[in-house]
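Trainee: Could you work out the structure for the sequence below:
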Amino acid sequence: MPGDFVGLKPGQQRYSLLLTDEGGIMDDLMVTRSIHPHFEGWLMLVVNAAFKEIDFAQIASRLPKGVRLEAAPDRALIAVQGPKTAEVLAPHCEDSCDMVFMQSKASKIGGIDCHISRSGYTGEDGFEISIKSEYAEDLARLLLKNKLVKPIGLGARDSLRLEAGLCLSGYDFDESRTPVEASLAWAIPKVRRESGGFPGAARILRELSEGTTQKRVGIKPLGRAPAREGTQVHLDGVYVGEITSGGFGPTFGGPVAMGYVRADLAVPGTKLELMVRAKAHPAEVVKLPFVPQNYYRG
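Mentor: Below is the predicted model of the structure:
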């Protein structure tokens, strides 16, 4: 997808949002300006697999003349996450370990051509490795030879991203929520706020100036019972919001949750009630993340 780039250097990656004309969030995605010599002037996009067809159709319908979207169904993505990931990858591609958070480059691991970014969705240091699907199993088995590496599933990823205060598309936001409501307005660059012209700009810029009626916040149950998705949030017996993600945080050592509450209640320390099995359980609004993010910034 060749074109001009504002503020995105070659090899740099950015978290971004796909918006509706009304300002709702269709999905979140990662955008990287390619540094590969064969793809100079291209952006590489990674969307959520569950929404890829919808996302691709939306993006393709909005592209200006001379710009095209090319899907890459022949590629796989392997995420290696944790504080020792650089130690794991160094014997295979030491040059990649010089990168900092949200940088990427073309490299090789075990003779396999890869596009590697220092990123991930766990709140930890880590790398995401894009390769041709036919080599995915070989690469996974190569990495698993290191005793520090263990395979994990989406359940582990989900608890880690929740502890890190990271949203899950379709749960912590959807087309009914704007970036301001979802506390994701930081993903809208300054130049976009100044120039506008993006889908939903009128509503989003107004909300940035005037505020919203609801906000996504961190919510800490004060007991041991976790509050799951859909749990109602009350204050003095009155409904004021709802949990969108919740569970037990193994690193945090207790239950953690995120959800939407009335904007006037979105202040750390605000006491709330969570309705779990028709019984009110005490909770409070807390500043996110629950566990400090540990991205490598050099």
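Trainee: to the chain's geometric centre, what's the distance from stretch 168-180?
Mentor: Chain-centre distance of stretch 168-180: 12 Å, with C-alpha atoms, centre = their mean, to the nearest Å.
Trainee: Between its first and last residues, what's the separation in it?
Mentor: Start-to-end span of stretch 168-180 (C-alpha to C-alpha, to the nearest Å) is 16 Å.
Trainee: likewise stretch 61-77?
Mentor: For stretch 61-77, the end-to-end distance is 26 Å (C-alpha to C-alpha).
Trainee: At which residues are the helices of the stretch 1-150 of the chain located?
Mentor: Counting by DSSP state H, counting those that start in this stretch, the stretch 1-150 of the chain has helices at residues 52-62, 85-93, 136-144.
Trainee: and residue 20, how many neighbours does it have?
Mentor: Neighbourhood size, residue 20 [other C-beta atoms under 10 Å]: 15. Every C-beta, even on glycine, is put in place using the N, C-alpha and C of the backbone.
Trainee: now do residue 296
Mentor: 17.
Trainee: can you tell me which helix or strand it belongs to?
Mentor: Under DSSP states H and E, no helix or strand contains residue 296.
Trainee: Can you tell me the closest non-neighbouring residue to it?
Mentor: residue 125 (4.5 Å; C-beta to C-beta, 6 or more residues apart in numbering).
Trainee: before we move on, the earlier item: mean neighbour count, the helices of the stretch 1-150 of the chain: which tops it?
Mentor: helix 85-93 (a mean of 17; mean count of other C-beta atoms under 10 Å).
Trainee: ok so, going back, next, count neighbours for the residue nearest to residue 296.
Mentor: With other C-beta under 10 Å as criterion, residue 125 counts 22.
Trainee: Isn't it up against residue 298?
Mentor: No: with contact defined as C-beta atoms under 8 Å, residue 125 does not count as touching residue 298 (11.4 Å).
Trainee: burial count for residue 128?
Mentor: Residue 128 has 22 nearby residues by other C-beta under 10 Å.
Trainee: pLDDT score assigned to it?
Mentor: If you check residue 128, the pLDDT there is 97.
Trainee: Check the secondary structure at residue 273 for me.
Mentor: strand (DSSP: H, G, I helix; E, B strand; the rest coil).
Trainee: I'm done for today, thanks for sticking with me.
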